[in-house]
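Asks: Any chance you could fold what I've pasted below:
(2 chains)
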Amino acid sequence: AQRVTQPEKLLSVFKGAPVELKCNYSYSGSPELFWYVQYSRQRLQLLLRHISRESIKGFTADLNKGETSFHLKKPFAQEEDSAMYYCALRDTGGFKTIFGAGTRLFVKA
Amino acid sequence: GAGVSQSPSNKVTEKGKDVELRCDPISGHTALYWYRQRLGQGLEFLIYFQGNSAPDKSGLPSDRFSAERTGESVSTLTIQRTQQEDSAVYLCASSLNLNTEAFFGQGTRLTVV
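Replies: Here you go, the predicted model:
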């Protein structure tokens, strides 16, 4: 069965510290992986997708098929990064996107 | 419009009543999705539309849930005989087509008392 697991409900780091939000998935085919972010009082929005291999707001995520992981990383966290982060999976050729339960990132001054 | 619009933003209803949630997608977006988010949980896929067709209704939790879409425009999610476990935030998203980025609305917070 398709599943996205985000083991941490809350992650608290100091400003300037590295941050890694974990995401593991289970899927038998070749999925597309995404990270979505929701800032306080704002809508859920796409942060990045693995096929783009891009860095957005200093965040990167590498798809590791061997470990079935898609962890989100940033070398130096900023206070404005505080938000709810969701990892998501969409099967290629399908249209259903499955979301993890989310991790709340809190960056302390 | 400028973005996906959902109404109402908040709805409190009594157990057993029917509710209708509305989603106005971004103009020109052919694909539309409904999700449910219970407190402390991830987004649960409910249904998607391509145009006004809903090929996959398997995500709807029970036969009390139904959804329709008029053309490539407004969609309504109807919950009949609401139960307390229906309390959640219902999110709508739309995308240009099924393989492009989805844009989310602000959601409707439904509370069944």
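Asks: Helix or strand next in line after the worst-scoring helix or strand of chain B on mean pLDDT, which one?
Replies: In chain B, no helix or strand scores lower on mean pLDDT, DSSP states H and E than strand B:43-50, which sits at a mean of 90. As assigned by DSSP states H and E, the chain's next helix or strand after strand B:43-50 is strand B:65-69.
Asks: which residues touch residue 57?
Replies: Because you didn't say which chain, this covers chain A. A:47, A:74, A:81 (Cβ atoms under 8 Å, 6 or more residues apart in numbering or on different chains). C-betas here are computed from N, CA, C, even on glycine.
Asks: hm, I was asking about chain B
Replies: By Cβ under 8 Å, 6+ apart, the contact list for residue B:57 reads B:47, B:67.
Asks: So which bits of chain B are right by chain A?
Replies: For chain B, the contact set with chain A under Cβ under 8 Å from any Cβ of the partner chain comprises B:3-4, B:31, B:33, B:35, B:40-45, B:48, B:50, B:56, B:59, B:91, B:93, B:98-99, B:101-106.
Asks: I'd like to know which of these are buried.
Replies: B:4, B:31, B:33, B:35, B:42-45, B:48, B:50, B:59, B:91, B:93, B:98, B:102-106 (16 or more other Cβ atoms under 10 Å in any protein chain shown).
Asks: Report the beta-bridge partner residues of the residue nearest the centre of chain B.
Replies: Residue closest to the mean C-alpha point of chain B, counted by Cα atoms, centre = their mean, is residue B:34 at 3.6 Å. Beta-bridge pairing for residue B:34 (DSSP bridges): residue B:47, residue B:92.
Asks: Next up, phi/psi of residue 88, please.
Replies: Reading this off chain A. phi -140, psi 150 (degrees, to the nearest 10).
Asks: Would you check that it makes contact with residue A:101?
Replies: No - between residue A:88 and residue A:101 there is no contact under Cβ atoms under 8 Å: 11.3 Å.
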